[in-house]
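>>> Sequence unavailable; structure follows:
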């Protein structure tokens, strides 16, 4: 996989390189899919541009590449997207990803705290945002100038612990917090509109709790970046990012069956061809 350069400081997003990088990372996930019986491919594809924007555009880094900011993937089943980003940054190695879900490999289906670049163990949904509040409070107590970014899934917003955290964030006067809700319209393999329609619209619920809110195209890196940069200085920000489950591969898009599945060899070849055709 071609590795694109990472910025030394936040506040810069090269859109052309970002698009190339996202295609390369989707290709990398497809390659890994041929070595395991199943993986969360569609959930990773839906949040790819979101993670790329956070890691390569928003998070500040010093000359050594170390970031003063924190990222938590509350949507732990999207771990493949985080793994390939960390590989791009040189934080995880090629051998780490090649050993995904293999005996003696370091990487499992969900992120584990203690692995390079992983700030929290997630996958049991509804935990990432509450943990992020703790990070923000600790930073405030230590007077650290640090931002915290969290990616959640829209289906995950059914967890009550998230709404307790949404309310607590305002009461605790937490401001250095930006969350991105990967709003691909599915909970696992079922559309949210049929499983839990009263969850929607998310924007009005966050607004009711006093959050700053933006609604954006979750596959447009520049729009994502601009939304985060426009954050109010005195409130946490919720960015509701509309995405497509399985984005980038036509037969995977909005098809619940691809929540946890590996493509056959023929499907793999078609998927690779589509990514190359859109380069």
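Yes, it's here. Since the structure is predicted, the reported quantities are computational estimates derived from the model, not experimental observations.
>>> does the residue lying closest to residue 247 once chain neighbours are set aside belong to a helix or a strand, and which?
Spatial nearest neighbour of residue 247, excluding adjacent residues (CB to CB, 6 or more residues apart in numbering): residue 45 at 4.8 Å. (Glycine included, C-beta is placed from N, CA and C.) Per DSSP states H and E: residue 45 is located in helix 41-46.
>>> With residue 167 instead?
With DSSP H and E as criterion, residue 167 is part of helix 160-171.
>>> Could you give me the buried positions within that helix?
162-163, 165-166, 169 (16 or more other CB atoms under 10 Å).
>>> Nearest to residue 276 among the residues you listed?
residue 162 (38.2 Å; CB to CB).
>>> for this structure, longest helix please?
helix 15-33 (DSSP state H).
>>> Give me the contact list for that helix.
Defining contact as CB atoms under 8 Å, 6 or more residues apart in numbering, one finds that helix 15-33 is touched by 1-2, 4-5, 39, 41, 44-45, 48-49, 52-53, 56-57, 80-81, 84-85, 87-88, 97-98, 100, 221-222, 248-249, 262-263, 268, 271-272, 275, 278-279.
>>> can you give me how far it is from the chain middle?
Relative to its chain's centre, helix 15-33 lies at 14 Å (CA atoms, centre = their mean, to the nearest Å).
>>> Could you pull out the strands in the stretch 151-279 of the chain for me?
177-183, 186-187, 190-191, 212-217, 237-242 (DSSP state E, counting those that start in this stretch).
>>> The third one pairs with which strands, and in what direction?
The one in question is strand 190-191. strand 186-187 (antiparallel) (DSSP bridges).
>>> Quick one: mean pLDDT for the strand it pairs with?
Mean per-residue pLDDT for strand 186-187: 93.
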